[in-house]
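> next input, structure requested:
(one chain, ligands or ions: 1)
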Amino acid sequence: VLLGMSLLFAGIAIAIGQFMTSRAMKPITRSYRMQREFLANASHELRTPISILKSGLEVIDMEEGSKFSEFTFELLKDLQKETKSAAKMVSDLMLLARSDAGVQQISYESFEFSQMAEQVMRSIQGFAHVSQIKLNLQTQGSILLFADQERIKQLLYILLDNAVKYTPHGGEITLSYGLMDAEHTQKLCISVTDTGIGIESEHIAHIFDRFYRVDKNRSRESGGTGLGLAIAKWIVESHRGSIQVSSTPGAGTSFTILLPLK
Ligand code: ADP
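The predicted model follows:
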């Protein structure tokens, strides 16, 4: 009887606990949902005016700079730069809003990962060169991946772009990849390592959060929105992969990604 009574009380206590938790959670869940809906609506509404501004400003031929006063010329340059980053932020926000709503498609196809890695490294060469940053590519030959080609390319760009942004002049960035056995299957392991400023340990847990920037000024100056790593994480997780970071302040950062081959 005693055992029965204690089980009954335990059951009632658990039920009350669950009821209280679900009641307590309701406003949180609601505000979370409202925040996400706001994000989706705001990015959608901003898309048209920003793209009109962007294309309007692109029409102004900066080569004809002599037509403008120095002040107007500088102002136009700033406007072009700012609208470009606003357009990028809106498209990043829309991607995250679509992923929240579960409507962002992942288009799987087979492609040669090594070719993509080489192409991405080539295209950031100019950007890295400006800061005299040396780029290294360590490969393991050809690797066939079955994934969303566009998104995987975007992932590489986000990580390499950050590596360049947060590495001082004269530094080094290495993109390496290869196959490894994990959880009884072969996976593609990609790592992007830099010799940059690093990330203090108290920030590590937050860098994948939306809009989280360790140094807002530095990130903004280099065109950052604080959305890159949130998107990187979404891309990796939507492919059932994992992303990890290790960093030593003042010495550098390394991002490691594991992706199933298909
Ligand atoms: P941002 O657009 O600001 O670069 P991200 O989401 O890509 O936003 O990154 C979030 C923050 O993580 C950055 O603001 C920066 O402080 C930090 N971070 C990301 N990558 C690196 C890196 N390779 N080295 C040092 N800090 C980094």
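> and Ser242, what does it touch?
By CB atoms under 8 Å, 6 or more residues apart in numbering, the residues touching Ser242 are 236, 257-258. Heads up, the C-betas are built off the backbone N, CA and C, glycines and all.
> now with 10 Å?
By CB atoms under 10 Å, 6 or more residues apart in numbering, the contact list for Ser242 reads 182, 187, 233, 236, 256-259.
> from these, which two are the most distant?
Ala182 and Lys233 (18.2 Å; CB to CB).
> before we move on, back to that, just put the contacts of Ser242 in JSON lines and tack on secondary structure and neighbour count.
Converted to JSON lines, the contacts of Ser242 look like this (DSSP: H, G, I helix; E, B strand; the rest coil; neighbours: other CB atoms under 10 Å):
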{"residue": "Ala182", "secondary structure": "strand", "neighbour count": "12"}
{"residue": "Lys187", "secondary structure": "strand", "neighbour count": "18"}
{"residue": "Lys233", "secondary structure": "helix", "neighbour count": "20"}
{"residue": "Val236", "secondary structure": "helix", "neighbour count": "22"}
{"residue": "Thr256", "secondary structure": "strand", "neighbour count": "15"}
{"residue": "Ile257", "secondary structure": "strand", "neighbour count": "24"}
{"residue": "Leu258", "secondary structure": "strand", "neighbour count": "19"}
{"residue": "Leu259", "secondary structure": "strand", "neighbour count": "23"}
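> would you convert those into TSV that also reports pLDDT and distance to Asn41?
Compiled in TSV, the contacts of Ser242 are given as follows (pLDDT from 0 to 100; distance: CB to CB, whole Å):
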residue	pLDDT	distance to Asn41
Ala182	82	40
Lys187	96	38
Lys233	97	23
Val236	98	27
Thr256	98	36
Ile257	98	32
Leu258	97	35
Leu259	97	33
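> out of those residues, which touch the ligand?
Among those, not one lies near the ligand by CB under 6 Å from any ligand atom.
> for those residues, which one is nearest the ligand?
Lys233 (9.0 Å; CB to the nearest ligand atom).
> not counting its neighbours along the chain, what's nearest Arg210?
In this structure, Arg210 finds its nearest non-sequential neighbour in Ala230, 4.5 Å apart by CB to CB, 6 or more residues apart in numbering.
> show me what the helix or strand hosting Phe38 is packed up against.
Assigned by DSSP states H and E, Phe38 belongs to helix 2-59. Helices and strands touching helix 2-59, by 3 or more CB pairs under 10 Å, 6 or more residues apart in numbering; DSSP states H and E, are helix 70-100.
> now do the helix it packs on: distance to the chain's middle.
17 Å (CA atoms, centre = their mean, to the nearest Å).
> so that helix versus helix 2-59, what angle?
Orientation of helix 70-100 against helix 2-59 (axes from the mean of the first three to the mean of the last three CA atoms, to 10 degrees) gives an angle of 150 degrees.
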